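S.K.: can't give you the sequence, but here's the structure:
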């Protein structure tokens, strides 16, 4: 079951994303602090409002800063596979991919309240309890905007092939910001197969 929290911190070696070389964490400022700076400069205020959006509230009863709507797996030449992170379960196979398939992952999300700085996707993949892959992808910083859905595609990858590669894998995904706040953590399983399990 997906877990969404404002407080959870990544706290062991396996759960720590790789640092981006040369990347410096920006000083954190609230939307009010940014907008109130240079308050007398009307043109700059208009530019900042256009650039940053308004401090939009998607749901004032929901404390989350980021709403993750859909995780999309896009196999080349096949229909996209859409997952709702809130419904993923660690022991349930969410999808299968044919070996040697080129694919990419896309995340769709919305932001409310404040700017999210240095958001990144961190993934650990295991097979039979043994870690086989770990990756960190920097996404960037995002302003709150109730009317906007951000859509971030990640680099293409190729499914491993061969008898040893086929089988079931367990994936844990986290979305973490510069403050090491975990905005979303969820887990699911997937399979690598010799042929597609479903026809299109």
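M.R.: Looks like it came in fine. Predicted model, so just to flag it, every value in this text is computed and none were measured. Numbers count the residues shown, from 1 in each chain.
S.K.: residue 100: neighbour count?
M.R.: Other residues lying near residue 100 total 13 when counted by other C-beta atoms under 10 Å. Where you see a C-beta, it was placed from the backbone N, CA and C, and this is true even at glycine.
S.K.: need the contact list for it.
M.R.: 158, 159, 161 (C-beta atoms under 8 Å, 6 or more residues apart in numbering).
S.K.: show me where the protein has its strands.
M.R.: Ranges of strands within the chain are 66-75, 81-83, 93-98, 102-111, 116-127, 130-142, 150-153, 157-158, 167-176, 182-193, based on DSSP state E.
S.K.: just tell me which of those ends up closest to residue 56.
M.R.: Residue 56 sits nearest to strand 102-111 of all the strands of the chain, at 8.0 Å, using C-beta to C-beta.
S.K.: give the partner strands of the closest one in its sheet and their orientations.
M.R.: Strand 102-111 pairs in its sheet with strand 66-75 (antiparallel), strand 150-153 (antiparallel), strand 157-158 (antiparallel), by DSSP bridges.
S.K.: mind putting the strands of the chain into CSV with distance to residue 57 and mean neighbour count?
M.R.: Converted to CSV, those look like this (distance: least, C-beta to C-beta, whole Å; neighbours: other C-beta atoms under 10 Å):
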stretch, distance to residue 57, mean neighbour count
strand 66-75, 12, 18
strand 81-83, 26, 16
strand 93-98, 31, 17
strand 102-111, 11, 18
strand 116-127, 15, 19
strand 130-142, 15, 14
strand 150-153, 17, 14
strand 157-158, 36, 12
strand 167-176, 20, 18
strand 182-193, 17, 20
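S.K.: can you pull the poorly scored residue ranges out of this structure?
M.R.: 1-55, 199-200 (pLDDT under 70).
S.K.: thinking again about what came up before, rebuild the strands paired with strand 102-111 as JSON lines, extending it with distance to residue 116.
M.R.: Shown next, in JSON lines, are the strands paired with strand 102-111 (distance: least, C-beta to C-beta, whole Å):
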{"stretch": "strand 66-75", "distance to residue 116": "6"}
{"stretch": "strand 150-153", "distance to residue 116": "10"}
{"stretch": "strand 157-158", "distance to residue 116": "25"}
